[in-house]
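# coordinates for the following, if possible.
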Amino acid sequence: MSFDLTGYRSRFDEICHDKFGRKYDFARLEQKCEMLRNGKRWLVAKDVDLFFDPDQTPLARYWGRPDEKKIDQLLSKSRLFLGPQPKSSSDLLTGLLNVFHNIGQVSIILRFVHPGQYSIFSTPITNLLQVHASDAIHLYLSYCDELRRWQDHFRLNTVADTEMGLWAFDQAIKRAENSSKALQLRKPFDEDLWIQRRRAMLAIRPLLQNNSPLVLAKILVEETPKLAGKLAAEEYERLLKVACTKYYRHNLLQRPGAAEALLDRLACDEHISTNEKVDLRRVWEIRNRVVHPNESPTATEIEWMIDQIESVCLRWGKAKPG
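Okay, the predicted model is just below:
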């Protein structure tokens with residue numbers, strides 16, 4: 001089932017009217033920012049006040065309306081040019097934050113000056129996207145970058161348009177007359193394969209990038225022992241191949257019994273102890289159970305398997321990065 005984000009974007013005015021009792025002409029505000037966008041003048045307090053004017057946008061309800069006199073004094077000193085857009089988005093954000101000290105208010109300014117690259121920073125939309133970062137600046141930049149991917153996929157005009165569509169979707173769910181209707185509206189989103197791949201990637205990528213297979217197996221073992229066991233089993237096979245190449249200058253043969261024969265040889269040549277050989281044979285037995293669909297080793301067995309691989313096999317070679 002495909003999610004119709006374009007359809008929700010087209011409902012933005014309707015949902016604004018239902019929620020706020022009126023529509024807003026955001027495109028007109030974007031046009032008024034043309035000189036700011038092109039770098040022909042710097043940002044002034046009247047620009048900012050326009051973005052938070054309740055006759056122009058509903059945004060002051062959520063982020064507060066900046067004090068015009070105070071902002072005027074600060075902007076007169078700093079003379080912030082927002083265009084042509086600088087190479088560093090971080091520098092642009094830092095300059096604005098030095099004046100406004102509020103990432104939400106900064107995001108509103110950028111949304112109207114550069115709607116193709118930035119959008120309003122919305123907590124509900126951040127939750128829908130499943131974006132995470134270590135600080136506010138990187139979180140906002142990651143948020144806009146992810147919206148850009150959604151824009152490309154759903155073929156919307158701008159990053160700001162994409163956020164507007166997602167906001168309309170979030171509001172439609174919140175304003176559903178009952179939980180059954182909300183679930184019905186949510187279903188196309190939850191079942192859209194591209195969306196679930198994006199959300200999964202954002203959740204899983206840090207784990208994959210920052211952890212070796214064995215550490216990742218440890219993380220997953222309580223939730224999904226079988227998957228953790230498969231990760232550990234693959235790393236175990238890799239390390240057996242490393243040992244075979246390191247000590248005997250040939251690849252591990254791809255035939256039944258080859259792993260057991262290698263363990264016997266490693267023990268005979270005193271590269272591992274007899275007790276270690278016994279334990280590693282048991283690890284191989286658990287490995288065989290892991291890779292077959294009808295076998296399900298317990299979390300305790302998988303944890304023991306990982307411990308043996310770490311304590312014995314890692315000395316044959318470096319741990320494989322995530």
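# check which helix or strand residue 215 maps to.
Per DSSP states H and E: residue 215 is located in helix 213-220.
# show me which positions of that helix end up buried.
Within helix 213-220, the residues scored as buried using 16 or more other C-beta atoms under 10 Å are 213, 214, 215, 216, 217, 218, 220. In short, each C-beta sits where N, CA and C put it, glycine included.
# ok, now stretch 221-232?
Buried, per 16+ other C-beta under 10 Å, within stretch 221-232: 221, 225, 226, 228, 229, 230, 231, 232.
# cool, and stretch 4-15?
In stretch 4-15, counting by 16+ other C-beta under 10 Å, buried: 4, 5, 8, 9, 11, 12, 15.
# same question for stretch 235-253.
235, 236, 238, 239, 240, 241, 242, 243, 244, 252.
# helices or strands up against the helix holding residue 215?
Contacts defined by 3 or more C-beta pairs under 8 Å, 6 or more residues apart in numbering; DSSP states H and E place helix 213-220 against helix 193-210, helix 225-248, helix 299-312.
# may I see those organised as a markdown table, with mean pLDDT and distance to residue 46 added?
Compiled in a markdown table, the helices and strands packed on helix 213-220 are given as follows (pLDDT from 0 to 100; distance: least, C-beta to C-beta, whole Å):
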| stretch | mean pLDDT | distance to residue 46 |
| --- | --- | --- |
| helix 193-210 | 89 | 39 |
| helix 225-248 | 95 | 57 |
| helix 299-312 | 96 | 63 |
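# possible to save those as TSV with distance to residue 82?
Shown next, in TSV, are these (distance: least, C-beta to C-beta, whole Å):
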stretch	distance to residue 82
helix 193-210	29
helix 225-248	47
helix 299-312	52
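# coming back round to it: between the buried residues of stretch 4-15, which is nearest residue 46?
The nearest member of these to residue 46, counting by C-beta to C-beta, is residue 12 at 26.0 Å.
# ok, now how distant is that closest one from residue 247?
67 Å (C-beta to C-beta, to the nearest Å).
# which residues does the spatially closest residue to residue 310 that is not a sequence neighbour contact?
Leaving aside its chain neighbours, residue 310 sits nearest to residue 214 (5.9 Å; criterion: C-beta to C-beta, 6 or more residues apart in numbering). Residue 214 makes contact with 231, 232, 235, 306, 309, 310, 314, 319, according to C-beta atoms under 8 Å, 6 or more residues apart in numbering.
# what sits against the fifth one?
Same thing as residue 309. Residue 309 touches 214, 232, 235, 236, 239, 283, counting by C-beta under 8 Å, 6+ apart.
# go ahead and confirm the last one touches residue 239.
Which is residue 283. No. Taking C-beta atoms under 8 Å as the definition, residue 283 is not a contact partner of residue 239, at 10.5 Å.
# next, count neighbours for residue 177.
7 (other C-beta atoms under 10 Å).
# helix, strand or coil for it?
Three-state assignment for residue 177 (DSSP: H, G, I helix; E, B strand; the rest coil): coil.
# quick check: it vs residue 139, distance?
From residue 177 to residue 139 the distance is 34 Å (C-beta to C-beta).
# which ones are touching the residue nearest in space to the middle of the chain?
In the chain, the centroid-proximal residue (C-alpha atoms, centre = their mean) is residue 202; its distance is 2.6 Å. Contacts for residue 202 (C-beta under 8 Å, 6+ apart) come out as 129, 130, 131, 132, 146.
# end-to-end on stretch 22-29?
16 Å (C-alpha to C-alpha, to the nearest Å).
# how about residues contacting it?
With C-beta under 8 Å, 6+ apart, stretch 22-29 has contacts from 13, 16, 17, 50, 51, 56, 57, 58, 112, 160, 164.
# what mean pLDDT does it have?
Here stretch 22-29 scores 96 as its mean pLDDT.
# how about stretch 61-74?
Stretch 61-74 shows a mean pLDDT of 90.
# list the buried residues for that stretch?
Buried-residue list, stretch 61-74, by 16+ other C-beta under 10 Å: 63, 66, 71, 72, 74.
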